[in-house]
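In: predicted model and sequence below, questions to follow.
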Amino acid sequence: MKLFIDTANIQDIREMASYGIVSGVTTNPSLIAKEGRKLEDVIHEIVSLVDGPISAEVAEGKCEDMVNQAIPLSKIHKNIVIKLPMTWEGIKACKILTSKGIHTNVTLCFSVSQALLAMEAGATYLSPFMGRLDDAGFEAEELIQDIVTVRDNYGYETKLIAASIRNLHHLEIASLAGADIATIPTAVFKKMVEHPLTEKGLQIFADAAKGVK
Ligand code: E4P
């Protein structure tokens, strides 16, 4: 499973990328707004830190406007992926951008029907939202499993990005369900290495090493 970082914070991206396990970055308008910066400025910086797919989300509602925003964004760097909303206008824009060879990530996916639309439109990536689905009382694990099954049944090439990950449980069930990628917020990313028995083991070994000296 590839691990992406789900943030627009440059310090966080720099720190997590330094461990060598970040394969891509996803942003959204809320994450960009949190940084108080322009989308283009943030994206320019991110592409210099991570050599992998970098999702930049369009803020427009009409297909034509989405395409007009997407084209200059895609020219910033070869790794740019245009994030499009799961709407009819977004699906239409996905088809157009795909035909131009521009990579896309269809976001806000909560059902197999929506996934089918995005995959038929040629989406490079599809982002089912786990946390928001859980919040609404639905099974996120089942959705990922079902989309993987449908994708494989028909041989679509769309890669699944498990998104809206709020905790390690989401991440782990996404990997068990067969998501290709997980996009992980920094706080959850940092917890991945932690386990109380690892802490305890480290202490035991440290004490033992002191005894040897
Ligand atoms: C990433 O592509 C999504 O925009 C993000 O994971 C959404 O997360 P949230 O539901 O915690 O806002």
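Out: Looks like it came in fine.

In: enumerate the residues of the chain near the ligand.
Out: Asp6, Thr26, Asn28, Thr107, Ser127, Phe129, Gly131, Arg132, Ala163, Ser164, Thr183 (CB under 6 Å from any ligand atom). Where you see a C-beta, it was placed from the backbone N, CA and C, and this is true even at glycine.

In: tell me what the host helix or strand of Gly201 is packed against?
Out: Assigned by DSSP states H and E, Gly201 belongs to helix 196-212. Applying 3 or more CB pairs under 8 Å, 6 or more residues apart in numbering; DSSP states H and E, one finds that helix 196-212 contacts no other helix or strand.

In: shaky segments in this protein?
Out: For the chain, the stretches flagged by pLDDT under 70 are 212-213.

In: now do the strands in it.
Out: Here the chain has its strands, by DSSP state E, at 2-6, 24-26, 54-57, 80-85, 104-109, 125-128, 159-162, 181-184.

In: pick the most deeply packed of the ones you listed.
Out: When the strands of the chain are scored by mean count of other CB atoms under 10 Å, the highest mean neighbour count falls to strand 125-128 (a mean of 28).

In: by contact count, what packs against it?
Out: Applying 3+ CB pairs under 8 Å, 6+ apart, one finds that strand 125-128 contacts strand 104-109, helix 112-120, helix 140-154, strand 159-162.

In: the same query, at a cut-off of 6 Å, please.
Out: Contacts defined by 3 or more CB pairs under 6 Å, 6 or more residues apart in numbering; DSSP states H and E place strand 125-128 against strand 104-109, strand 159-162.

In: in this protein, which residue is most central in space?
Out: Among the residues of the chain, the one closest to the centroid is Thr183, at 3.5 Å (CA atoms, centre = their mean).

In: that residue contacts Thr7, correct?
Out: No. Using CB atoms under 6 Å, Thr183 makes no contact with Thr7, being 9.2 Å away.

In: and the gap between the residue lying closest to Pro53 once chain neighbours are set aside and Ala115?
Out: In this structure, Pro53 finds its nearest non-sequential neighbour in Gly24, 4.1 Å apart by CB to CB, 6 or more residues apart in numbering. Noted for Gly24: a distance of 20 Å to Ala115, by CB to CB, to the nearest Å.

In: farthest pair within the residues of the chain next to the ligand?
Out: Thr26 and Arg132 (14.5 Å; CB to CB).

In: and Ser111, how many neighbours does it have?
Out: Residues lying near Ser111 (other CB atoms under 10 Å) number 15.

In: give me the phi and psi for it.
Out: Per-residue torsions, Ser111: phi -150, psi 160 (degrees, to the nearest 10).

In: quickly note the distance from it to the ligand.
Out: Separation of Ser111 from the ligand (CB to the nearest ligand atom, to the nearest Å): 16 Å.

In: and the nearest residue to that residue once chain neighbours are set aside, how many neighbours?
Out: Excluding the flanking residues, the one nearest Ser111 by CB to CB, 6+ apart is Leu143, at 7.3 Å. Other residues within reach of Leu143, judged by other CB under 10 Å, total 22.

In: looks like Leu143 contacts Pro128 (just checking).
Out: Yes. Contact criterion CB under 6 Å: Leu143 and Pro128 qualify, at 5.4 Å.

In: list residues touching both of those two?
Out: In terms of CB atoms under 6 Å, 6 or more residues apart in numbering, Leu143 and Pro128 are not both contacted by any residue.

In: thank you, goodbye.
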